[in-house]
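J.: The sequence isn't on hand, but the structure is:
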Ligand code: FES
C-alpha cells in the first residue's frame, strides 16, 4: 500500500499521460527508486494504483532488465551478450567479471557492492563490447576497464 506522499509523487507522473495506465514504466521506475527493486507487493500496489491486472505489471517487470526483482549490487554490471558484443568478446568480459568477483550472472557479491547480469542488445553496438554500469554506458570493454571499474567502486 502506497503512502499518501508516494501517491502524490505517482500522481505527478501519471498526470502527464492521457491514460493513467500508459505511465506504467515511469511509475515502476519511481517505485524502484525507493528500495532498488520491485517486490511482489509493489507489483500489486502498482496494479491497484493504475487499475490494471497484476499479471500485466509482473510481465513488464520480468521483461525489462532495468527493473529488478532482486536487489542489485551498488554497482550493477549489465553486460550485453548480443551479436555485435558477442563477436567482440562479451563472453570473455563476462568470464573475467565472474572470475574477479566470484559471481555468476544473476548474482550479487556477499558485500552487496557488485552484481552481474548478461543482457540483450542495449542499442550501443558501435562501442561493443559494452555494458551498462548503473545508469552509464561503458564501451570498448577490456580487462583493464573492468579492473578500473571494480577498483573504483570497491
Ligand atoms: S549487440 Fe551489444 S549493444 Fe548491441
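T.: Good, I have the coordinates. Treat the numbers as computed from the prediction; the structure is a model and nothing was measured. Numbering: from 1, shown residues only.
J.: Give the helix, strand or coil label for the residue nearest the centre of the chain.
T.: For the chain, the residue sitting closest to the mean C-alpha position, by Cα atoms, centre = their mean, is residue 66 at 2.6 Å. Counting by DSSP: H, G, I helix; E, B strand; the rest coil, the backbone at residue 66 sits in coil.
J.: can you tell me how far residue 57 sits from residue 88?
T.: 36 Å (Cβ to Cβ, to the nearest Å). (Glycine included, C-beta is placed from N, CA and C.)
J.: can you check residue 134 too?
T.: Taking Cβ to Cβ as the measure, residue 134 and residue 88 are separated by 22 Å.
J.: Specify the residue ranges that define each domain of the chain.
T.: Dividing the chain into domains by automatic domain parsing, as the record does, gives the ranges 4-63, 75-152.
J.: The last one near the ligand anywhere?
T.: By that I understand domain 75-152. Yes: Domain 75-152 lies within reach of the ligand by Cβ under 6 Å from any ligand atom, at 80, 82, 83, 84, 85, 121, 122, 123, 124, 125, 128, 130.
J.: Filter these down to just the ones in helices.
T.: 83, 84, 85 (DSSP state H).
J.: Any of these buried? List them.
T.: Buried members of those, scored by 16 or more other Cβ atoms under 10 Å, are 84, 85.
J.: Next, format the ones in helices among the residues of domain 75-152 next to the ligand as TSV and append pLDDT.
T.: As requested, those are exported to TSV (pLDDT from 0 to 100):
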residue	pLDDT
83	97
84	98
85	98
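J.: quick one: pLDDT of the closest residue to residue 32 other than its chain neighbours?
T.: Leaving aside its chain neighbours, residue 32 sits nearest to residue 38 (5.5 Å; criterion: Cβ to Cβ, 6 or more residues apart in numbering). The per-residue pLDDT reported for residue 38 equals 97.
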